[in-house]
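Novice: Predicted model and sequence follow; I will ask about them next.
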Amino acid sequence: MSALELERVTYRYPGAERPALRDVSLTVEPGEFVVLAGESGSGKSTLLRAGAGLVPHFHGGDFTGRLSAGGLDSREHGPAELAAVAGSLFQDPETQVVMGTVRAELAFPLENRGWSPAAVARGVEEAALALGVGALLDRATHELSGGELQRVALGAALAARPRLLLLDEPTSQLDPVAGDELLGVLRRINEEWGTAVVLAEHRLERCLAAADRVIALQDGAVICDADPRGFLGQAPEALLTPGARLFARAGITPAPVAVKDARATLRARGLLPEAAGPAVDSPPRFGRLRRRRAADAALAFERVWLEIPRGPAVLRGVQLALEGGERVALMGRNGAGKSTLLRLAAGLSEPTRGRVRSAGRVSLLLQHPGDYFLAERVGEELDADALVAAGLGELADRHPRDLSGGERQRLALAIVLAGEPPAAVCLDEPTRGMDRAHKDALAALLRDLAARGAAVLVATHDAEFAAAWAQRTVLMGDGTVVADAPTTEVLGGGWYFATQTARILGGHGGALLPEDGAALLRAPAVAVVL
Amino acid sequence: MSYRRRPSPLHAARALIGSAYCVVLAAVALSFEHPLLLLAALAAVLIAAAGAGVGGAVARVLAWSLPFAALIAVINALVVRDGVTVIARLGSLPPLGQLDITREALAYGGVLGLRALVVIGCFALHSAAVDPDDLLRAFRRVSFRSALTAALATRLVPVLARDARRLSDAQRCRPGAPASRVAIMRAVTAGALDRAVDVAATLEVRGYGGAVRPPRRPRPWSRHDLAFASSALALAVLAGVAAAAGWEHFKAYPVTLAPLDGSVLALAGALLAVALLPFAERRGVGR
């Protein structure tokens, strides 16, 4: 019996002009690890929701074809029944937990299936251990961070040991370390329990190595269904991993599925230095740097502390300065203090010690662009000229909630940038759930803002995105700055905070992006050195 | 205010028993009118909250409720015509007519306000010390639909509260005058349907709609279960006997009479003792 089977499924959301899924036929066998690839709006989330039975039972709309999950036909069984065979995890962790404590959250799906108390207790313990949330069992869910919530929600999806796991960008809220840990857990569950995994993801370089198959969607239709290597051989450019683009530009085949794979190919061709080493700067150097810069900075944090009453210190003496026109990426693990630092910059919070100075207004775009909209029409949020400048002139009569993710972000950014030009522009995790085309557009926008004189500071977990636009990268850990150097140094030398190109080439030549790496591989002088 | 497991006897008791204890305490307050008995009930709530480690939170709720209690007292004084001791003549005010404030109406308004404070305190104690998940689980065995509604509502409240905080922060980031609270609340309300759909979808994929009655969880009665169940029962009996035997001597109109006689003092002492005795036992309160 297949874990998931779709036969000529076509689905249209209520009121939608075009179908979200078009004539989709596919089969996922037990124990398979399948990655769903595709640009935003390609139908990945809809496919997962169909597998969970939410489409069409919960969302309504027109559904034709046949879908069965774990042998249950979705035409005859609703989401609650399909939940017995398919565990689901969607994008927003805040709405993914329904109980007050972690223990109750993990027990909830088991109790819903009528398990005995002893079986529930055991299921809770095992799910907690598998996801590494044992220490959180008695914590209130409203106290958890986004990353912790995501793990707990995954634990709830897994607790009943479903035959099929449907995951919609589960690592989008996580830092690279936590993201890798989560993928490791999924791989282990897949291998040891035989659970079939269907995982939708934009950052394919994170999960391709774990996948048995990749199914690519475009406009709701399957355009590719192959093993990872086969996928990289036929996928459109927009879906290629940085490693595959590096090889394509350097004229090397076959495209690598993982870093290890790529290094083996390069080593076999004599193109990989044996001891390409990291080059992360050491903290003492930054003291001199910051004293020199703070005086004429567009935005400066001077020995900034933020201590929670009866709680921990979130920031511990942060010293950081940005000049006008400078493009800086702020990276670090979940809870390192990145978002807090941005809130201080915009005056949403006050430091408990130290001070924040700016040469003018600081614009801050928080994680949810939709939070900036209060009006019923896009045209009421901004004047016509500003809308046209943001490329949204034709959408003036639309409701802001009806905009796509990228359009929402452009509108929110236009709103915070309206009025006098800001001295600094800060963005908090702007690329969550974004495909590469949207990230490229955002990177271009950030470069443009900096060219107009604003200091740009962006908190992100996405090393590829940071490498695409940031001149300088600040790495935070435990409320302090642990590295502050040119992006080529910080992202070229890390294990986790590094681009795939840098990991393949070991940071050699400061190459972070496929284009730079390919140039390095093609250059005759470099080949001689290597 | 939200529930967090703490090492206290009330937290250690099962949710149904803890809930019954708080509800009975509130019902007892509603059955009494004598100010001393109401003050004893209020003291019982505050001391119980302190014993449960949530004294600060409950006290804050009571402090926030003081204007509400005062409002009850004022409204009673304005609308009730009983009482013989006029302390202020405010003239004629349509549609209320002649407004004469009497000492008796004001005093009884104070009694009503005090009673409201005790009830609010009981429910604050309930929110802070009774596990809502356990309670939901217990109620789900009785009524699936009611529990589903309660699950959606209880889960949605913190989600919407977070939304409101985020929206408020985002609005502070907009250049120009900040948006009013009304505008933010309107936006949160407009988004509530979307959020409710998200939460409902999660309930669905966790199998809640399967309507399988959760199995009974046989759990031995702990000393705290027994103590709070006994306390709730004793409080109910005490209030019933006091009402039947007429131990409470209180008359609001036409002249307020609230003598501090032996039976009232004994009743107040008994109420405090019965309500607070379960907190004396601290063994086995941790998890």
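Specialist: That came through fine.
Novice: Those residues of the stretch 1-150 of chain B touching chain A, which are they?
Specialist: B:2-5, B:131-134, B:137 (Cβ under 8 Å from any Cβ of the partner chain). Every C-beta, even on glycine, is put in place using the N, C-alpha and C of the backbone.
Novice: hmm, try it at 6 Å
Specialist: Neighbours of chain A within the stretch 1-150 of chain B, by Cβ under 6 Å from any Cβ of the partner chain: B:3-5, B:132-133.
Novice: any idea which residue sits dead centre in the chain?
Specialist: All of this is about chain A. For chain A, the residue sitting closest to the mean C-alpha position, by Cα atoms, centre = their mean, is residue A:172 at 3.0 Å.
Novice: that's the wrong chain, I meant chain B
Specialist: Chain B, centroid-nearest residue using Cα atoms, centre = their mean: residue B:123 at 2.1 Å.
Novice: Show me which residues of chain A sit near chain B.
Specialist: So chain A meets chain B at A:52, A:54, A:58, A:79-80, A:83, A:88, A:95-96, A:98-100, A:104, A:108-109, A:111-114, A:116-117, A:138, A:140, A:142, A:346, A:348, A:364, A:366, A:371-372, A:374, A:415-416, A:418-419 (Cβ under 6 Å from any Cβ).
Novice: contacting residues for the residue in the stretch 151-300 of chain A that chain B sits nearest to?
Specialist: The minimum distance from the stretch 151-300 of chain A to chain B, using Cβ to the nearest Cβ, falls at residue A:156 (6.3 Å). When contacts are counted by Cβ atoms under 6 Å, 6 or more residues apart in numbering or on different chains, residue A:156 touches A:105-106, A:109.
Novice: Could you tell me how many residues sit around the closest residue to chain A within the stretch 1-150 of chain B?
Specialist: Minimum separation of the stretch 1-150 of chain B from chain A (Cβ to the nearest Cβ) falls at residue B:133, amounting to 3.7 Å. Residue B:133 has 21 neighbouring residues, counting by other Cβ atoms under 10 Å in any protein chain shown.
Novice: Against residue B:147, how distant is it?
Specialist: 11 Å (Cβ to Cβ, to the nearest Å).
Novice: Likewise for residue A:378?
Specialist: 41 Å.
Novice: neighbour-wise, which of those two wins?
Specialist: residue A:378 (24 against 19).
Novice: confidence score at residue A:473?
Specialist: pLDDT, residue A:473: 95.
Novice: how far out from the middle of the chain is the helix or strand harbouring it?
Specialist: Counting by DSSP states H and E, the element that carries residue A:473 is strand A:472-477. The gap between the average C-alpha position of strand A:472-477 and the chain average comes to 18 Å, counting by Cα atoms, centre = their mean, to the nearest Å.
Novice: What is that strand packed up against?
Specialist: strand A:327-332, strand A:480-486, helix A:487-493 (3 or more Cβ pairs under 6 Å, 6 or more residues apart in numbering or on different chains; DSSP states H and E).
Novice: Provide the strand pairings for the shortest one, with the direction of each partner.
Specialist: Translated: strand A:327-332. Strand A:327-332 has the following sheet partners, assigned by DSSP bridges: strand A:455-459 (parallel), strand A:472-477 (parallel).
Novice: Now do the last one against strand A:480-486, angle only.
Specialist: Translated: strand A:472-477. 160 degrees (axes from the mean of the first three to the mean of the last three Cα atoms, to 10 degrees).
Novice: Enumerate every residue touching the residue in the stretch 351-500 of chain A that chain B sits nearest to.
Specialist: When scored by Cβ to the nearest Cβ, the stretch 351-500 of chain A has residue A:371 as its residue closest to chain B, at 3.6 Å. Residue A:371 makes contact with B:166-167, B:170 under the criterion Cβ under 6 Å, 6+ apart.
Novice: the longest strand in chain B is where?
Specialist: strand B:86-93 (DSSP state E).
Novice: Show me how far the longest helix belonging to chain B is from its chain's centre.
Specialist: Secondary structure of chain B per DSSP state H: the longest helix is helix B:144-173. Remark: helix B:144-173 is offset 21 Å from the chain centroid, using Cα atoms, centre = their mean.
Novice: repeat for stretch B:170-189
Specialist: For stretch B:170-189, the distance to the chain centre is 31 Å (Cα atoms, centre = their mean).
Novice: what about that stretch, start to end distance?
Specialist: Taking Cα to Cα, to the nearest Å, stretch B:170-189 runs 16 Å from one end to the other.
Novice: Buried residues, it. List them.
Specialist: Residues of stretch B:170-189 classed as buried: B:170-171, B:173-174, B:179, B:184, B:187-188 (neighbour count, 16 or more other Cβ atoms under 10 Å in any protein chain shown).
Novice: coming back round to it: so who does the residue nearest to the centre of chain A touch?
Specialist: Contacts of residue A:172 by Cβ under 6 Å, 6+ apart are A:432-433.
Novice: how much space between it and residue A:416?
Specialist: 22 Å.
Novice: so how far does stretch A:400-409 reach from one end to the other?
Specialist: First-to-last residue span, stretch A:400-409, Cα to Cα: 11 Å.
Novice: Next: stretch A:398-410.
Specialist: With Cα to Cα, one end of stretch A:398-410 sits 14 Å from the other.
Novice: Mind putting the contacts of residue A:156 into TSV with pLDDT and secondary structure?
Specialist: Shown next, in TSV, are these (pLDDT from 0 to 100; DSSP: H, G, I helix; E, B strand; the rest coil):
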residue	pLDDT	secondary structure
A:105	92	helix
A:106	94	helix
A:109	91	helix
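Novice: Chain B: which of the residues you listed is nearest?
Specialist: Once Cβ to the nearest Cβ is applied, the member of the contacts of residue A:156 that ends up nearest chain B is residue A:109, at 4.5 Å.
Novice: if I read this right, the closest one contacts residue B:204, doesn't it?
Specialist: No - counting by Cβ atoms under 6 Å, residue A:109 does not reach residue B:204; the two are 11.1 Å apart.
Novice: which one of the two has more residues nearby?
Specialist: A side-by-side neighbour count of residue A:109 and residue B:204, using other Cβ under 10 Å, places residue A:109 first with 28 against 22.
Novice: shaky segments in the chain?
Specialist: No chain in the question, so chain A it is. A:273-295, A:524-530 (pLDDT under 70).
Novice: nope, chain B please
Specialist: In chain B the weaker segments, taking pLDDT under 70 as the threshold, are B:1, B:144-145, B:148, B:151-152, B:154-155, B:158, B:211-212, B:214-215.
Novice: Which parts of it are helices?
Specialist: Using DSSP H, helices in chain B cover B:9-12, B:15-31, B:35-51, B:55-79, B:103-129, B:132-142, B:144-173, B:181-205, B:223-245, B:262-276.
Novice: what's next to stretch A:297-309, contact-wise?
Specialist: A:294, A:313-315, A:317-324, A:340, A:345, A:351-359, A:423-424, A:455.
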